[in-house]
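Novice: After the sequence you'll find the predicted model.
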Amino acid sequence: MSSSYHEGARALQKQFDSRRLADRLDEKFLSRPLIDTDARAFIERMDMFFLATADAEGRPQCSYKGGDPGFVRVLDERTIAFPNYDGNGMYLSLGNVLDNPHVGLLFIDFTSVRPSRLRLNGIASINESDRLIDEYPAAQLIVRVRATQVFPNCPRYIHRMELIERSRFVPRADRDTPVPEWKRSTWACDVLPQGDPALVNRFR
């Protein structure tokens, strides 16, 4: 059995007569763990991706990660890094990484004339003292992912969309980051972490 497929995938490939195609795709794309020049350019111009994780018992989470274009950096042909910014404090995805470092990232370009997408699977690690942290304003920690698979996906079902506005909440060095309104709500304001920007700037 190809290392990319388990018995469940093989059963459906048999049902729909797609095993030959699946094996060809595995040979051509899935068996390659390297981030080539095209993949690097694609990743480093993205301003968002979806992160899939699972805990030690296999219970999944899928989260959206957004930033300015280039917030995901390709460090070498096997490694990417991205920051974790302030969120809702649950740490569902990154908590999973501490239990189970296997992750999947899905990058989608909705805005190009020819929409496209790229998958990167790998092994994640978290470090709040990473040397990159000072290069990301207000980052809590840095996540690095060692790639095990890097491959494009068929783009035919991607909806073409226009970017209206990038989030004003992405931290930047040249201005204060706005406080989200939910942190000022009565259900949240008395349980925020010490030093939370909503407490420091409660009257702004």
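Specialist: That came through, no problem.

Novice: most centrally placed residue in this protein?
Specialist: Leu51 (3.8 Å; C-alpha atoms, centre = their mean).

Novice: Test my guess that that one contacts Ser63.
Specialist: Yes: taking contacts as C-beta atoms under 8 Å, Leu51 lies within contact range of Ser63: 5.0 Å. (C-beta placed from N, C-alpha, C; glycine too.)

Novice: List the residues that are in contact with both of the two.
Specialist: Ser93 (C-beta atoms under 8 Å, 6 or more residues apart in numbering).

Novice: Any stretches of this structure with poor pLDDT?
Specialist: Filtered on pLDDT under 70, the chain yields the residue ranges 1-3, 201-204.

Novice: redo that, cut-off 80
Specialist: Counting by pLDDT under 80, the chain has low-confidence residues at 1-3, 200-204.

Novice: Show me the strands in it, by range?
Specialist: Under the criterion DSSP state E, the chain contains strands at 48-54, 60-66, 73-76, 79-84, 102-109, 116-127, 141-153.

Novice: Quick check: which of those is nearest to Pro171?
Specialist: With C-beta to C-beta as the measure, strand 79-84 is the member of the strands of the chain nearest Pro171 (8.5 Å).

Novice: quick one: strands adjacent to that closest one?
Specialist: When pairing is defined by DSSP bridges, strand 79-84 lines up against strand 73-76 (antiparallel), strand 141-153 (antiparallel).

Novice: and it with strand 48-54, angle?
Specialist: 100 degrees (axes from the mean of the first three to the mean of the last three C-alpha atoms, to 10 degrees).

Novice: buried ones in strand 79-84?
Specialist: Neighbour-count burial for strand 79-84, counted by 16 or more other C-beta atoms under 10 Å, picks out 80-84.

Novice: Need the contact partners of that strand.
Specialist: Contacts for strand 79-84 (C-beta under 8 Å, 6+ apart): 35, 43, 65, 67, 71-75, 94, 105, 120, 122, 126, 130, 132-133, 136, 139-147.

Novice: Same check on stretch 85-96?
Specialist: Contacts of stretch 85-96 (C-beta under 8 Å, 6+ apart): 51, 53-55, 61, 63, 67, 84, 126, 138-141, 143, 170-171, 177, 193, 196-197.
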